[in-house]
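S.K.: okay, here's the prediction I keep looking at, along with the sequence it came from:
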Amino acid sequence: MTLKDQIAIVTGGSRGIGQAICLDLARHGAQVFAAARNVDRIHSWVSEAGETDGKITPIALDVTDPQSIERLVEECAAATGKIDVLINNAGITRDGLLMSMEDEQFDEVIDTNLRGAFRLCRSAIRHMIRARRGRIINITSITGIAGNAGQANYAAAKAGLIGITKSLAKEVGKRGVTVNAVAPGFIETDMTDVLPDKLKTEVQKHIPLQRMGRPEEIASVCTFLAGPGASYITGQTFVVDGGLHT
Ligand code: NAP
């Protein structure tokens, strides 16, 4: 119970990596606000995961809507008096080659994956600074480090998130807040489910561990970073990719 009495917000908590993060934090004792647009979907997996009874609160959030973000942070702080952990996990892809990429395609990904996380950091950090403690974890991607053909928009957003992580870590370290990023490789979720099987097989050949990752394997790193064992780590990006990007 390393996170007993800790209050955590997880964006993109309706499925995939976000769902696994919510469950892992709750199993380690945290009170979790699981936030996404499809709040019914959160309610449905929460009721199936009986073991964390009462520890996960589903809450509606659209990270592209500034008011929705303010509402979430204020509701969470008002209900519990604090925010200990923020995990910016919500993300989308709108892939295409740069030469034919529409402005909207670029903007939509930046708005969700980068601006949304920026706004959440800005809203939550006030509460953390006041408490002189807090943990922010941004879910980036190895694409933000290495780039990927067909993902210039996504790579720009995820690289930007690493930039925010390093800068904010330097701004708030003296206030007792740590800020880190986790960069997954290929993880089995809806996001990668849409990729052609041929591509997935090809990619797995280049992964030293010879398989895609599971959402739980990202969640466990987030739980570590949110917990007492990570008290002297800030401004870092943890690559969790089975060795793909080495
Ligand atoms: P996913 O299964 O597609 O889930 C994406 C999550 O983001 C959903 O919960 C979705 O919920 C939420 N979301 C999307 N737009 C949102 C919005 N405007 N407001 C609030 N929530 C929103 O993807 P995933 O694989 O779990 O990805 C989670 C994170 O890991 C993303 O940031 C992704 O970029 C990153 N990542 C994934 C992989 C991978 O291989 N899967 C690799 C590297 C990085 P709603 O639709 O209900 O809003």
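M.R.: Looks like it came in fine.
S.K.: let me see the contact set for the most centrally placed residue in the chain.
M.R.: The chain has Asn89 as the residue nearest its centroid, 2.0 Å off, counting by CA atoms, centre = their mean. For Asn89, the contact set (CB atoms under 8 Å, 6 or more residues apart in numbering) comprises Val10, Thr11, Gly12, Gly13, Ile17, Gly18, Ile21, Ile139. Any C-beta I mention is one placed from the backbone N, CA and C, and that applies to glycine too.
S.K.: farthest pair within these?
M.R.: Gly13 and Ile139 (11.7 Å; CB to CB).
S.K.: the two - which one has more neighbours?
M.R.: Gly13 (33 against 25; other CB atoms under 10 Å).
S.K.: sorry, back to before: which of the contacts of Asn89 fall within strands?
M.R.: Val10, Thr11, Ile139 (DSSP state E).
S.K.: show me which of the residues you listed neighbour the ligand.
M.R.: Thr11, Ile139 (CB under 6 Å from any ligand atom).
S.K.: SS state for the closest residue to Thr11 other than its chain neighbours?
M.R.: Spatial nearest neighbour of Thr11, excluding adjacent residues (CB to CB, 6 or more residues apart in numbering): Ala90 at 4.0 Å. Secondary structure, DSSP: H, G, I helix; E, B strand; the rest coil: Ala90 is coil.
S.K.: how about Ala90, what does it touch?
M.R.: Counted by CB under 8 Å, 6+ apart, Ala90 has contacts Thr11, Gly12, Gly18, Ala35, Ala36, Leu61, Val63, Thr112, Asn113, Gly116, Ala117.
S.K.: whichever helix or strand Lys198 is part of and the ligand in contact?
M.R.: Assessed by DSSP states H and E, Lys198 sits inside helix 197-205. No: using CB under 6 Å from any ligand atom, no contact is recorded between helix 197-205 and the ligand, whose separation bottoms out at 10.0 Å.
S.K.: sorry, back to before: confidence score at the residue nearest to Thr11?
M.R.: For Ala90, the pLDDT comes out at 98.
S.K.: check Asp65 too.
M.R.: The predicted local confidence for Asp65 is 98.
S.K.: show me the contact partners of the helix holding Lys198.
M.R.: Phe186, Thr192, Gln210, Arg211, Met212, Leu244.
S.K.: mind picking the two most distant members of those?
M.R.: Most distant of the contacts of helix 197-205, by CB to CB, are Thr192 and Gln210, 16.0 Å apart.
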